[in-house]
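Engineer: Turn this into a structure:
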Amino acid sequence: MKTFAFATTAFALTMSLAAGPARADVMVGGAPMLPTKDIIDNAVNSKDHTTLVAAVKAAGLVDTLKGKGPFTVFAPVNAGFAALPPGTVDNLLKPENKPALTKVLTYHVVPGKFDAKAVTQAIQAGGGKATLKTVAGGSLTASTEGGKVIVTDENGGKATVTIADVMQSNGVIHVVDKVLLPK
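Structural biologist: Have a look, this model is predicted:
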């Protein structure tokens, strides 16, 4: 398995050049995701990401994710949060658990803008797996199963990318069906 620190300038430049033109036709949670808007401005319109948006607000990460970036976000849908053990989300949203919530959320963020083509190329270059370093300091492992990109957390939990390449003005979102958890 090959490890990719996606923050390196040369690789980031290569991957941004490899990315195709931004698509303006992507719908997520019943709303158009406009490549002229930032990650937060698009996410608040998605009916599938209300829990994620509430968590980002509770963690105080709105300004960060509205920032210049670029960021690659593996954005779990509401059903992914609902699949966590009962009480987990409510517990994480408590003010006293803000550090834990921040760690979980930033574990879904990779520095740089990496579209599906870049992630797929990294997987191929890594012999079937690519390690992605997250803003939280942990690692996610990207691979493919049945023609789909799978993201595996440090605990072995797996999320499937259900919508790739949702281009943003400050990065890219890949919608995933599960919440990924750091060690």
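
Engineer: what does the longest strand seen in the chain rub up against?
Structural biologist: Using DSSP state E to define each element, the chain has its longest strand at strand 158-168. By Cβ atoms under 8 Å, 6 or more residues apart in numbering, the residues outside strand 158-168 that reach it are 22-23, 26, 28, 33, 35, 37-39, 42, 69, 74, 76-77, 80, 115-116, 148-153, 172-180. For the C-beta atoms, the positions are set from N, CA and C on the backbone; glycine is no exception.

Engineer: Buried among those residues? Need that as a selection in PyMOL.
Structural biologist: Remark: buried members of these, expressed as a PyMOL selection using 16 or more other Cβ atoms under 10 Å:
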select buried, resi 22+26+28+33+35+37+38+39+42+69+74+76+77+80+115+116+149+150+151+152+153+172+173+174+175+176+178+179+180
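
Engineer: picking up where we left off before, quick one: the longest strand of the chain to chain centroid distance?
Structural biologist: 7 Å (Cα atoms, centre = their mean, to the nearest Å).

Engineer: Tell me which strands it pairs with, and in which orientation.
Structural biologist: Strand pairing for strand 158-168, determined by DSSP bridges: strand 148-152 (antiparallel), strand 171-176 (antiparallel).

Engineer: mean confidence for the last one?
Structural biologist: Translated: strand 171-176. Mean pLDDT, strand 171-176: 96.

Engineer: Just put the strands paired with strand 158-168 in a markdown table and tack on distance to Ala122.
Structural biologist: Formatted as a markdown table, the strands paired with strand 158-168 follow (distance: least, Cβ to Cβ, whole Å):
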| stretch | distance to Ala122 |
| --- | --- |
| strand 148-152 | 11 |
| strand 171-176 | 13 |
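
Engineer: nearest to Val56, of these?
Structural biologist: Proximity to Val56, assessed across the strands paired with strand 158-168 by Cβ to Cβ, is greatest for strand 171-176 (12.3 Å).

Engineer: Residues touching that closest one, excluding its own?
Structural biologist: Contacts for strand 171-176 (Cβ under 8 Å, 6+ apart): 19, 28, 33, 39, 42-43, 48, 69-77, 80, 108, 112-116, 119, 149, 151, 159-166.

Engineer: Could you tell me what pLDDT the model assigned to Thr3?
Structural biologist: 41.
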